[in-house]
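> predicted model follows, preceded by the sequence.
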Amino acid sequence: MKKFLAGLAGAFIVLLGMMIVRTLNYGGQAPGIQVIELSPPPIIDTDNAANNLGEAIRYKTVTVARGDPRPGLEGPWLELQAWMRTTYPDFHRVAQRETVQGGLTLLYTWPGSEPALAPLLLMAHQDVVPVNMGTEGDWDAPPFSGTIQDGYVYGRGALDDKASMVGLFEALNALALDGFQPRRTILLMLGHDEEVSGSGAAAGVDLLASRNIVPEMVLDEGFMAVTPSPLTGAPMAFIGVAEKGYLSLHLTVTAAGGHSSTPPRDSAPVRIARALLALEENQMPSNISKPPVSTLFRAAAQDLPFTTRFALANQWLLGGLVDSTISAEPAGNAMIRTTTAPTMLLGSAKENVLAQRATATVNFRIHPNDTEEDIMAHVRRVTSGIEGLDISVAASGIRGAGASPVSPLDNIAYGVLSAVAHEMTDGAPVVPGLVLGATDSRYANALTDSVYRFMPAIVRAEDLRGFHGTNERITVENVGRLARGYAQIILAMDTAN
Ligand SMILES: [Zn+2]
């Protein structure tokens, strides 16, 4: 018996030793990331750039529903566009400007001297989400005032996405003023309705496709550097290499209806409830062994606590623990699997009338691991025991509803973004990430697989609440950072071959 216990202890020590070795060897950047030398950016007047962002915020380019702005309500867009011309004259001197389909989405072309080089496509959007009625008073400064106070520019669009738009203009205008002449053609596309459908960007991408344009890189909003990062508690830069897709399903049960005094068992609403419970208890599977999630954890590994690294490095044993720990946080859960969100419920219109039709709408955000067909198959399987359940796709009308492809890490584009993020953060870890929402850039995957979502800014974690929320704001310092970062990206993409 003693011998057996000693043997067991020995085996345990060997196993533990192996696991520790695996932990020490775990992590590192994905192979093939290019090391890029950066040029200094042009001189940017940060205060002036912040003032310009404040001015851009004052144009109420608010979209609420598909098709916005309605005919006759384009005023704020046209005024914002007139403002662009007067505020950034040097860029307007060197670039051609066209409107997409005669609409409000803009496409600028700054022709390069070497037409054989693939162009650079920079994207941002002009529209913003509304401020919820009754919450205006909760803001430290009125939401469409563009007020600068305590070192911040306040207002709807300060982060999403007028900061990108203004940062790009500041960079391009400063470069034009400096006499910079690109070798590679620079395209700037500014969608007008990203927050409702992105129809403008979709049309803009169609236009570029009709011209056979294959960009070297597409850069849009989506991620930035965050301090502190929820992963490590320290600054960290995320570069979006993929974004989740979108699918809504209607689950419907029809029944005879009648008076609620003599109800049947297992009525239509009850069967809908059982279907929702089945979906709740059977979440879509996670998979953290594939990019972008696998590359994210590996790239972040050196900065993760030892215990986290230990678990990640030994998923053959601790995979279940890793999964349940990450899944416990809604944002972590959304990062590793297709999420399931029942959102709308419909039944009878009166309390004493049995439902003849009960419907639930369930919104899925599709992980790059899954397809729409995977979700349909999953829903059918887990609800197969529920009689009379009809499953149909809700007509959400979002084009490209699947998750985006995962963009490569071993090309010039990722190397440039990685270098800019690294320099900007004084050496914080730079990791590839999965964007949980949707951006206009999802359409650009029709042109190239080199699509990235990154704003060169360092945002405090607490300020992330401003996205679509109260007190959306950005530091004055970050407005300067954006302008300089975009200029460095443009310069580095221009010198790389
Ligand atoms: Zn946005």
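Structure's in. What do you need? Numbering: from 1, shown residues only.

> next, Leu159: secondary structure please.
Of the three states, Leu159 takes coil under DSSP: H, G, I helix; E, B strand; the rest coil.

> quick check: it touching Arg460?
No. Judged on CB atoms under 8 Å, Leu159 makes no contact with Arg460 at a distance of 11.2 Å. For glycine as for every other residue, the C-beta is placed from the backbone atoms N, C-alpha and C.

> the two: which is more packed in?
Counted by other CB atoms under 10 Å, Leu159 and Arg460 do not tie: Leu159 has more neighbours, with 26 against 13.

> dump the residue contacts of the more buried one.
Val459, Asp463, Gly466, Phe467, Glu472, Arg473, Ile474 (CB atoms under 8 Å, 6 or more residues apart in numbering).

> show me what from the stretch 201-350 of the chain comes close to the ion.
Glu221 (CB under 5 Å from the ion).

> partner residues bridging the residue nearest the centre of the chain?
Centroid-nearest residue in the chain: Val435, 3.3 Å away (criterion: CA atoms, centre = their mean). Beta-bridge partners recorded for Val435 (DSSP bridges): Glu243.

> need the pLDDT of it.
Val435 is assigned 96 on the pLDDT scale.

> go on, Gly397?
On pLDDT, Gly397 comes in at 53.

> residues touching whichever residue of the stretch 1-150 of the chain sits closest to the ion, list them.
Of all residues in the stretch 1-150 of the chain, His125 sits closest to the ion, at 5.6 Å by CB to the ion. His125 is in contact with Asp161, Met165, Leu190, Gly191, His192, Asp193, Glu194, Glu195, Gly198, Ala201, Glu221, Asp440, counting by CB under 8 Å, 6+ apart.

> from those, which is closest to Ala487?
When the contacts of His125 are compared for distance to Ala487 (CB to CB), Met165 wins out at 14.8 Å.

> that closest one: neighbouring residues, count only.
25.

> then Ala234?
Ala234 has 13 nearby residues by other CB under 10 Å.

> now Pro143
Pro143 has 23 neighbours, counted by other CB under 10 Å.

> same question for Val379.
With other CB under 10 Å as criterion, Val379 counts 23.

> spatially nearest residue to it (excluding sequence neighbours)?
Ile391 (5.8 Å; CB to CB, 6 or more residues apart in numbering).

> state the phi and psi torsions of that neighbour.
Main-chain torsions, Ile391, degrees, to the nearest 10: phi -120, psi 120.

> residue contacts, it?
Per CB under 8 Å, 6+ apart, neighbours of Ile391: Leu249, His250, Leu251, Thr252, Met376, Val379, Arg380, Thr383.

> how far away is it from the ion?
31 Å (CB to the ion, to the nearest Å).

> test my guess that Asp370 contacts Ala401.
No. Applying CB under 8 Å as the test, Asp370 and Ala401 come out as separate, 12.0 Å apart.

> any regions of the stretch 251-400 of the chain where pLDDT drops low?
396-400 (pLDDT under 70).

> just the helices in it please.
268-281, 293-300, 306-313, 315-327, 330-336, 372-382 (DSSP state H, counting those that start in this stretch).

> single out the most deeply packed of those helices.
Highest mean neighbour count among the helices of the stretch 251-400 of the chain (mean count of other CB atoms under 10 Å): helix 293-300, with a mean of 21.

> ok, what's across the strand from the residue nearest to Val379?
Applying DSSP bridges, one finds that Ile391 bridges with Leu251.

> now do the SS call for Leu172.
helix.

> residues in contact with it?
Leu172 sits in contact with Tyr88, Phe91, Ala95, Trp110, Ile186, Leu188, Tyr486, Ile490, where contact means CB under 8 Å, 6+ apart.

> isn't the second one right up against Asp178?
No. When contacts are counted by CB under 8 Å, Phe91 is not listed as touching Asp178 (11.4 Å).

> would you mark the buried spots in the longest helix belonging to the chain?
Of all the segments assigned as helix in the chain under DSSP state H, the longest by residue count is helix 2-25. Residues Met19, Arg22, Thr23 are the ones in helix 2-25 that count as buried (16 or more other CB atoms under 10 Å).

> over to the closest residue to Phe169 other than its chain neighbours: give its phi and psi.
Nearest residue to Phe169, sequence neighbours excluded (CB to CB, 6+ apart): Tyr88, at 4.7 Å. For Tyr88, the backbone dihedrals are phi -120, psi 60 (criterion: degrees, to the nearest 10).

> same thing with Ala141?
phi -140, psi 150.

> what about the strands in the stretch 101-250 of the chain?
106-110, 120-125, 148-149, 152-154, 186-191, 217-220, 225-227, 236-243, 245-254 (DSSP state E, counting those that start in this stretch).

> tell me the residue of the stretch 201-350 of the chain that sits nearest the ion?
For the stretch 201-350 of the chain, CB to the ion, closest residue to the ion: Glu221, 5.0 Å.

> how many other residues sit next to that residue?
24.

> what does the one 10 residues further on give?
By the measure other CB under 10 Å, the count of residues near Leu231 is 20.

> domain map for this protein?
46-242+403-495, 246-393 (automatic domain parsing).

> thinking again about what came up before, widest-spaced pair of the contacts of Ile391?
For these, and using CB to CB, no pair is farther apart than Thr252 and Met376, which are 14.8 Å apart.

> tell me the contacts of Gly167?
Neighbouring residues of Gly167 by CB under 8 Å, 6+ apart: Ala49, Met455, Pro456, Ala457, Val479, Leu482, Ala483, Gly485, Tyr486.

> pLDDT on the helix or strand hosting the fifth one, on average?
So the one you mean is Val479. Here Val479 sits within helix 476-495, counting by DSSP states H and E. Helix 476-495 shows a mean pLDDT of 98.

> list the helices and strands that helix packs on?
The elements that helix 476-495 packs onto, with contact taken as 3 or more CB pairs under 8 Å, 6 or more residues apart in numbering; DSSP states H and E, are helix 46-57, strand 120-125, strand 152-154, helix 162-177, helix 412-424, strand 458-460.

> who does Trp110 form a beta bridge with?
Ile186.

> return the set of buried residues in stretch 107-123.
Leu107, Tyr108, Thr109, Trp110, Gly112, Leu117, Ala118, Pro119, Leu120, Leu121, Leu122, Met123.

> who touches stretch 464-472?
By CB under 8 Å, 6+ apart, stretch 464-472 touches 129, 131, 135, 138-140, 143, 154-160, 226, 473.

> swap that for stretch 308-321, please
With CB under 8 Å, 6+ apart as the test, stretch 308-321 has contacts from 19-20, 22-23, 25-27, 288-289, 297, 301, 304, 322, 325.

> distance of Glu280 from Ala273?
10 Å (CB to CB, to the nearest Å).

> ignore what I typed, I meant His192.
For His192, the distance to Ala273 - CB to CB - is 42 Å.

> might one say that Val166 is in contact with Asn48?
No. Assessed by CB under 8 Å, Val166 is found out of contact with Asn48, at 10.7 Å.

> which of the two has more neighbours?
Neighbour tally, Val166 and Asn48, criterion other CB under 10 Å: the higher count belongs to Val166, 30 against 14.

> number of nearby residues for the residue nearest to Gly112 when sequence neighbours are not counted?
Counting by CB to CB, 6+ apart, Gly112 lies nearest to Thr185, which is 4.0 Å off, once chain neighbours are set aside. Neighbour count for Thr185, taken as other CB under 10 Å: 20.
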